[in-house]
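Peer 1: Need a 3D model of the sequence below.
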Amino acid sequence: MKLSTDLYHKYTSRDHYTPSLPREAIHSLIASATSELSVSHLPCNSEFLFTSPAILSFFEFISSRRSSIPAIMTKEERKELEPQGFASKDYTDPPPAALIETSEFKLWSFYRALIAEFTATLLFLYITIATVIGHSRNSTNCGSVGVLGIAWSFGGMIFVLVYCTAGISGGHINPAVTFGLFLARKVSLPRAIFYMIAQCLGAICGAGLVKAFQKSFYDIYGGGANYVHHGYTKGVGLAAEIIGTFVLVYTVFSATDPKRSARDSHVPVLAPLPIGFAVFMVHLATIPITGTGINPARSFGAAVIYGHKQSWNDHWIFWVGPFIGAALASAYHQYILRAAAIKALGSFRSNANV
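Peer 2: Numbers count the residues shown, from 1 in each chain. Down below sits the predicted model:
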């Protein structure tokens, strides 16, 4: 029976054996098989002949020798295969972002991302604050959406806007999310700073649109500004913002984790969906306490446009709380769930030069 070179490559390709073998390793296995099996003729660079039983025996032998592949391959050959996607892991972590990356300022994609963050935060503030004003206006009759409707407004808009902007800017729409990703070295410092500026400017413009369209109701019903509600202390408000932001940023890290994307690629779940649900659930719990900030840009934009003293008295809570929550979520995901600290320690100990 004549077995062509094409079939030879087919049986030794990545589709049949993982990882694919370099030519030298294949020839080494063939040489071993030739010495151990009863094969009539086996050249390594041309067509070769087998009897039918010999073909089966040969490839069964190759399969049984897969465990010896690392020994056959040299260190250099293994390094050549890893960048091609044949590493032991089934996912690839992106390289950490540089702390200062000035080359970004020369790229149109950087400014496009800033525009996307500005526009998304503007739309977010406009829709959500308009919903809050509408709820306050109609709270005495059946026309109010209620707390559940407000929570759906915030969560639903985050789902929509993250879905729309994730491929352009990452879909942060929140300085706390940007801060958490910066701590995890997902974005550079200049990008993080400019993202926060764009988000705050967008929030101011979004809240300004609401006031422009319904000025009288905006002033009467508090402009959607955040503050610690009556019956709660500032400590309780701060704790609520820390926990709420932790839930949000932890969800962001989990939903965008490349390890999850690789292992659960068969599960058709959009990353923006759990993020939007996290915002929804946090609002249900936190609206009675602080009106739910968990987004410094949202709180800042509403405070600037509303302009009353009440909106500034507790404003520090809506920056300090979310930033602490984001830092805790970043540390928890990176150093505990992904064991970055343990991996770094192991690498340190295994370094022969230390």
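
Peer 1: quick one, longest helix in the protein?
Peer 2: In the chain, with assignment by DSSP state H, the single longest helix is helix 108-137.

Peer 1: following that one, which helix or strand shows up next?
Peer 2: Per DSSP states H and E, the first helix or strand lying C-terminal to helix 108-137 is helix 146-165.

Peer 1: Show me what that next one packs onto, helices and strands only.
Peer 2: When contacts are defined as 3 or more Cβ pairs under 8 Å, 6 or more residues apart in numbering; DSSP states H and E, helix 146-165 sits against helix 108-137, helix 272-290. Just so you know, the C-beta spots here come from the backbone N, C-alpha and C atoms, and that holds for glycine as well.

Peer 1: Kindly reformat those helices as JSON lines containing mean neighbour count, mean pLDDT and distance to Pro96.
Peer 2: As requested, the helices and strands packed on helix 146-165 are arranged in JSON lines below (neighbours: other Cβ atoms under 10 Å; pLDDT from 0 to 100; distance: least, Cβ to Cβ, whole Å):
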{"stretch": "helix 108-137", "mean neighbour count": "20", "mean pLDDT": "94", "distance to Pro96": "18"}
{"stretch": "helix 272-290", "mean neighbour count": "20", "mean pLDDT": "95", "distance to Pro96": "22"}
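
Peer 1: Would you format these as TSV with distance to Tyr227 included?
Peer 2: TSV is the format used below for the helices and strands packed on helix 146-165 (distance: least, Cβ to Cβ, whole Å):
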stretch	distance to Tyr227
helix 108-137	13
helix 272-290	7
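
Peer 1: Not counting sequence-adjacent ones, nearest residue to Cys164?
Peer 2: Leaving aside its sequence neighbours, Cys164 sits nearest to Ala120 (Cβ to Cβ, 6 or more residues apart in numbering; 7.1 Å).

Peer 1: got the buried residues for the helix or strand Ala240 falls within?
Peer 2: Assigned by DSSP H and E, Ala240 belongs to helix 234-255. By 16 or more other Cβ atoms under 10 Å, the buried positions in helix 234-255 come out as 237-255.

Peer 1: same check, this time on stretch 210-218
Peer 2: Going by 16+ other Cβ under 10 Å, stretch 210-218 has these buried residues: Val210, Lys211, Gln214, Phe217, Tyr218.

Peer 1: And those residues, which is closest to Ala98?
Peer 2: For the buried residues of stretch 210-218, the minimum distance to Ala98 (Cβ to Cβ) is 38.6 Å, reached by Val210.

Peer 1: packing partners for the regular element (helix or strand) spanning the closest one?
Peer 2: Under the criterion of DSSP H and E, Val210 resides in helix 189-213. With contacts taken as 3+ Cβ pairs under 8 Å, 6+ apart, helix 189-213 sits against helix 108-137, helix 175-183, helix 215-220, helix 296-306.

Peer 1: What's the mean pLDDT across that helix?
Peer 2: Computed over helix 189-213, the mean pLDDT rounds to 96.

Peer 1: Can you give me the buried ones in it?
Peer 2: For helix 189-213, by 16+ other Cβ under 10 Å, it's 190-192, 194-196, 198-211.

Peer 1: quick one, what contacts the closest residue to His172 other than its chain neighbours?
Peer 2: Closest residue to His172 apart from its sequence neighbours, by Cβ to Cβ, 6+ apart: Thr178 at 4.7 Å. Neighbour list for Thr178: His172, Val187, Ala192, Tyr195, Met196, Gln199 [criterion: Cβ atoms under 8 Å, 6 or more residues apart in numbering].

Peer 1: swap the cut-off to 6 Å and go again
Peer 2: Remark: with contacts taken as Cβ atoms under 6 Å, 6 or more residues apart in numbering, Thr178 is in contact with His172, Ala192, Tyr195, Met196.

Peer 1: same thing with Gly156?
Peer 2: Going by Cβ under 6 Å, 6+ apart, Gly156 touches no other residue.

Peer 1: Would you agree Thr286 is in contact with Glu241?
Peer 2: No - counting by Cβ atoms under 6 Å, Thr286 does not reach Glu241; the two are 7.5 Å apart.

Peer 1: Leaving out the residues flanking it, which one is nearest to Gly134?
Peer 2: Val145 (6.9 Å).

Peer 1: mind showing which ranges of the chain have poor pLDDT?
Peer 2: 1-91, 139-143, 261-269, 340-354 (pLDDT under 70).

Peer 1: rerun at 90
Peer 2: Applying pLDDT under 90 to the chain flags residues 1-103, 134-147, 214-223, 256-271, 307-311, 313, 337-354.

Peer 1: residues in contact with the nearest residue to Leu114 once chain neighbours are set aside?
Peer 2: Ranked by Cβ to Cβ, 6+ apart and with sequence neighbours excluded, the top spatial neighbour of Leu114 is Ala198, at 4.6 Å. Residues counted as contacts of Ala198 (Cβ under 6 Å, 6+ apart) are Leu114, Glu117, Phe118.

Peer 1: mind checking how far the first one is from Val279?
Peer 2: When Cβ to Cβ, to the nearest Å is applied, the distance between Leu114 and Val279 equals 22 Å.
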